[in-house]
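Undergrad: generate coordinates for the sequence data below:
(chains A and B)
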2 protein chains.
Amino acid sequence: MNDALQPVLLAGAWQPSREPTGSFRAADPATGAAIGPAFPVSGGSDVEAAVAAASAVAAELAAAPAERIAAFLEAYADALDADADTLVALAHAETALPAPTRLRGNELPRASGQLRQAAKAVRGYAWTHPVIDTAAGLRSHLAPLSKPVLVFGPNNFPFAFNAVAGSDFASAIAARNPVIAKAHPLHPATSQRLAQLAHQALRDSGLPAAAVQLLYHFDHGIGLRLAGDARLGAIGFTGSRAGGLALKAAADAAGVPCYAELSSVNPVFLLPGALAERGAALAQEFFASCTLGSGQFCTNPGVLVVPHGADGDAFAAAAAAHFAAAAPMVLFSAGGVEHVARGVDTLRLAGAQVLATAPTDGQGGFRYPPTLLAVDAADFLARPRELQTEAFGPVGLLVRTADAGAMLAVARALEGNLTGTLYRAADGSDDAAWRAIAPVLRARVGRLINSKMPTGVAVSPAQNHGGPFPSTSHPGFTAVGMPAAIRRFAALHSYDGVPDALLPVELRDANPGGVPRLLDGQWTVADVAARA
Amino acid sequence: MNDALQPVLLAGAWQPSREPTGSFRAADPATGAAIGPAFPVSGGSDVEAAVAAASAVAAELAAAPAERIAAFLEAYADALDADADTLVALAHAETALPAPTRLRGNELPRASGQLRQAAKAVRGYAWTHPVIDTAAGLRSHLAPLSKPVLVFGPNNFPFAFNAVAGSDFASAIAARNPVIAKAHPLHPATSQRLAQLAHQALRDSGLPAAAVQLLYHFDHGIGLRLAGDARLGAIGFTGSRAGGLALKAAADAAGVPCYAELSSVNPVFLLPGALAERGAALAQEFFASCTLGSGQFCTNPGVLVVPHGADGDAFAAAAAAHFAAAAPMVLFSAGGVEHVARGVDTLRLAGAQVLATAPTDGQGGFRYPPTLLAVDAADFLARPRELQTEAFGPVGLLVRTADAGAMLAVARALEGNLTGTLYRAADGSDDAAWRAIAPVLRARVGRLINSKMPTGVAVSPAQNHGGPFPSTSHPGFTAVGMPAAIRRFAALHSYDGVPDALLPVELRDANPGGVPRLLDGQWTVADVAARA
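TA: Predicted structure coming up:
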């Protein structure tokens, strides 16, 4: 049976799955038809082999020169770009995401660019945050975990968040840790192709081939056992709240830090002046953002806070018209369609009314009609939990507020989110409202946005693609943006009285690379002066 | 009944405990006699009042000017120094720690100095790690959690780790979060006095009086309920592994980051050259470090790896002579004595032999005789878990190794520890052994020490008083050292397209305070140039 299934990448080689517990195929979301070859569902034997192989090379990877790590990341980035035709075709077939605009024009360059940014960070050493206290004889920096990092990729970014190519992968490797990649089972062939390129780039750069393992799928029980394996250094997860919380609980019990990006409704507040100034344009912006990628973005604007009154009513009507004029949109899977439908049911049962829904068009595949709902702030405040249910698709909920006090009350009732947005008038007339609401919203979100929809997450050192629980599992870290994202997969190391020759390069007296270091309280690229 | 008990500090006022579940008194560890007044064991009402009051001032504290926070920390530091006579007398009575050398000469200045270092960090803003990306329009920094931080103080540092005065307290306040301090019940009067000084300093500096709450004690169930309260922003805990893991589990389930310092045996490797060079001196150093503070230090050298052979035997004999010539030492509590005795039993049952133990002297109080044990490396490797049991007192275990390979094997079997030490010969003859063992030890400890005993933890920006699980709950953070310790109690905040006037001061274009910032990829104290 094994030979009929696609091989997994374990211990530095493509090999048949050991004792798979089942098999699966991808589907074309536009038709629902199964496509591509059969892939194994891995059992405990594959998982054990992955942990053992990754653990065995962890020390070698931790000791690898920065240049070799950077060379791998760049070779892999180049391979992604060179293989664009194949990768885009595979990903389009498995996800139905638009090939020219999204996959080739945006996401693939994002993924390769992210790998190159990670390489640059590795060469520059600044991510290790070197601190030197000559009086105390102490030097510290961030260092590899010296254990494997387990990365779970999500369904919605086949390249840029892929377990074997995305931000978590690049970050974990940049911190010189081996990766056990658990692909998302909705795009196994894309993930396999990426892993083939990674495997080749590992060999070309002289890193241990077992620095990257790839499994396509395993069942929930196996996943929980793996997440709770104390041999892991950390976990990076992007996915559903329920799945992520279960993995986090298992990891927590074993003392394994689990960086999980879980869920977010990304509240957007339309302040009255902005609404009066450009309500119709905002309705268009909102519809475009809410339905981009069929609404399958972590930063999708799921909750819009809109004042009552003529301007708010006009906005709601304009937005409803956009939704009503749309066609059902292709989601990634039948399960995704069911999940969105359940989310909309939850919102309706909690008191939300459907304002508009796109008419069905009789096409097959995994489709869901863009849907706009509305609820009064008083009802929202009565059932804040249910009415913050994330429907991962083209679904938005307007929360209508009577006055500034109600807007503030809605902000106070918000859970932790990745983003929060306030739209202000250009003439400054909303600035008092901003100053009242922004601090409340600020405390509840990772990225506070001015007058812009939340979709579109720049890969920037000042980015925060993270936020307070339950949007993520830790409020101090971002999943996107080099070098900050790398720090999740590092341990703080202090050296006490250790002679120069026995220190890591970026902590030695001489600083030929010009690494910025906190030296006796000052940031500097200078050498440490000869000691008395 | 309540009026007969000492008041708790809740909602900005000293007030009777609400519905205490019991009462307790401190004891003089040297005699075992109860001393001082009766303190309440808080029930759910006090805890709820503490969380509610702290939550209510969290936004005000988050918005407080840095100068006001710094002024509080400095006023409190000054008050500690000015009140030294009273504080030292109280702490000596409750802990039996030496008053002149330890409490007055070392720990109180450490505590006040730590508060001043936190104040300096607050004024300098560098701890917030400002990052500006002008091209992307993004700016990020570390910001208050805007939720209360719960701090559990340990038994062994009545000042420098006290829940209402120590490093966690200073760090949480420096990050502009309210603190709910849970004192250690072995030194309630000391904690009360500290809280009185903190309370006065809060009022003098104009911070909300409810920024600091003090409870002395509560039972395990109440503690777990509190740790799992999602209204908390984070927890700082220093104490036993069992207690800390239970609190961590409760906090994890609620998504509350719990920074717990749990346990450590601080392995020390005596390389052959160092042993040949200065074995007798090392025996003295080891005995002094192992029995300092009656061995009640987190960084106590609990496991010494010592080669077989003449030099190793001579070292063991010399160390044993020191232990045999000592007198029983006063520990903090009867429970502590029992705990050490259980730890020694565990070591013996796992195969360790007692080499020497101080003779009993018939004195009362909470005493335990300094005890040295030894085990062969083969036995250690057969039962590594039991033989790494922390006995929190004047107890050391020698692990005897046949060769370099056995030393490496012992290093590989080590759990996560706060520190790891390698003693090298001055003539460089141990450097090959260092290069073989250090990477293995490095991955398992927070601070790697050269030729020095691990006790003595400098308050330095390059310090790491932290380490891999299970020594602490997260490998990336330190509990000691400004400004790094502050970052535990902060959230990453990104601003996207937000106008200058609506940004936090350290992220604005103008940088009059000269805050070091990562501006478009370069560390600089410059202003942001006027944008096109």
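Undergrad: pull the CA atoms of the helix or strand harbouring A:Ala89 into CSV?
TA: According to DSSP states H and E, A:Ala89 maps onto helix A:84-95. Extracted C-alpha coordinates of helix A:84-95, given in CSV (Å, rounded to 0.1, in the frame of the first residue of the first chain):
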residue,chain,number,x,y,z
ALA,A,84,7.0,29.7,-10.2
ASP,A,85,5.1,28.1,-13.1
THR,A,86,4.9,24.7,-11.4
LEU,A,87,4.2,26.0,-7.9
VAL,A,88,1.5,28.4,-9.1
ALA,A,89,-0.2,25.7,-11.1
LEU,A,90,-0.2,23.3,-8.2
ALA,A,91,-1.4,25.8,-5.7
HIS,A,92,-4.1,27.1,-8.0
ALA,A,93,-5.4,23.6,-8.6
GLU,A,94,-5.5,22.9,-4.9
THR,A,95,-6.8,26.2,-3.6
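Undergrad: in that helix, what's buried?
TA: By 16 or more other CB atoms under 10 Å in any protein chain shown, the buried positions in helix A:84-95 come out as A:87-95. C-betas here are computed from N, CA, C, even on glycine.
Undergrad: and A:Ala172, what is it in contact with?
TA: A:149, A:151, A:179, A:234, A:236, A:489 (CB atoms under 8 Å, 6 or more residues apart in numbering or on different chains).
Undergrad: helix or strand: which one has it?
TA: helix A:167-174.
Undergrad: mind checking the pLDDT average for that helix?
TA: Taken as a whole, helix A:167-174 has an average pLDDT of 98.
Undergrad: same check on stretch A:286-304?
TA: Mean predicted lDDT for stretch A:286-304 stands at 97.
Undergrad: how far off centre is it?
TA: Mean-position distance between stretch A:286-304 and its chain equals 15 Å (CA atoms, centre = their mean, to the nearest Å).
Undergrad: okay, it in CSV with CA atoms only?
TA: C-alpha atoms of stretch A:286-304 as CSV (Å, rounded to 0.1, in the frame of the first residue of the first chain):
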residue,chain,number,x,y,z
PHE,A,286,-15.2,47.3,3.2
PHE,A,287,-16.8,45.0,0.7
ALA,A,288,-13.5,44.6,-1.2
SER,A,289,-11.5,43.8,1.9
CYS,A,290,-14.2,41.5,3.4
THR,A,291,-14.4,39.4,0.2
LEU,A,292,-10.7,39.4,-0.8
GLY,A,293,-9.5,35.9,-1.0
SER,A,294,-13.2,34.8,-0.5
GLY,A,295,-12.8,36.4,3.0
GLN,A,296,-10.3,33.7,4.0
PHE,A,297,-7.8,36.0,5.7
CYS,A,298,-6.8,36.2,9.3
THR,A,299,-7.2,39.9,9.1
ASN,A,300,-10.5,39.9,7.4
PRO,A,301,-12.8,42.7,8.7
GLY,A,302,-15.5,40.7,10.3
VAL,A,303,-17.0,43.3,12.6
LEU,A,304,-17.8,46.9,11.6
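Undergrad: what are the buried residues along that stretch?
TA: Those would be A:286-287, A:289-304, for stretch A:286-304 by 16+ other CB under 10 Å.
Undergrad: so which of the residues you listed sit within strands?
TA: Members of these lying in strands (criterion: DSSP state E): A:303-304.
Undergrad: show me which of the buried residues of helix A:84-95 is closest to A:Pro483.
TA: For the buried residues of helix A:84-95, the minimum distance to A:Pro483 (CB to CB) is 26.0 Å, reached by A:Leu87.
Undergrad: the closest residue to the closest one other than its chain neighbours: neighbouring residues, count only.
TA: With CB to CB, 6 or more residues apart in numbering or on different chains as the criterion, A:Leu87 has its nearest non-adjacent residue at 5.9 Å, and that residue is A:Arg193. Residues lying near A:Arg193 (other CB atoms under 10 Å in any protein chain shown) number 20.
Undergrad: got the buried residues for the least confident helix or strand in chain A by mean pLDDT?
TA: Here the helix or strand of chain A ranked lowest by mean pLDDT, DSSP states H and E is strand A:522-524, holding a mean of 92. Across strand A:522-524, burial judged by 16+ other CB under 10 Å covers A:Thr524.
Undergrad: now stretch A:347-359
TA: By neighbour count on 16+ other CB under 10 Å, the buried set for stretch A:347-359 is A:347, A:350-352, A:355-358.
Undergrad: kindly report the same for stretch A:505-518.
TA: Those buried within stretch A:505-518 under the rule 16+ other CB under 10 Å are A:506-508, A:511, A:515-518.
Undergrad: restricting to the residues you listed, which residues neighbour chain B?
TA: A:516, A:518 (CB under 8 Å from any CB of the partner chain).
Undergrad: out of the buried residues of stretch A:505-518, list just those in strands.
TA: Short answer: the buried residues of stretch A:505-518 in strands (DSSP E) are A:517-518.
Undergrad: of all the buried residues of stretch A:505-518, which comes closest to chain B?
TA: In terms of CB to the nearest CB, no member of the buried residues of stretch A:505-518 lies closer to chain B than A:Pro516, at 4.5 Å.
Undergrad: what's near enough to touch that closest one?
TA: A:Pro516 makes contacts with A:126, A:130, A:523-525, B:523, as judged by CB under 8 Å, 6+ apart.
Undergrad: next, give phi and psi for it.
TA: phi -70, psi 130 (degrees, to the nearest 10).
Undergrad: one more: A:Leu150?
TA: Here is the backbone geometry of A:Leu150 (degrees, to the nearest 10): phi -90, psi 120.
Undergrad: quick check, it in contact with A:Gly236.
TA: Yes - assessed by CB atoms under 8 Å, A:Leu150 is found in contact with A:Gly236 at 7.4 Å.
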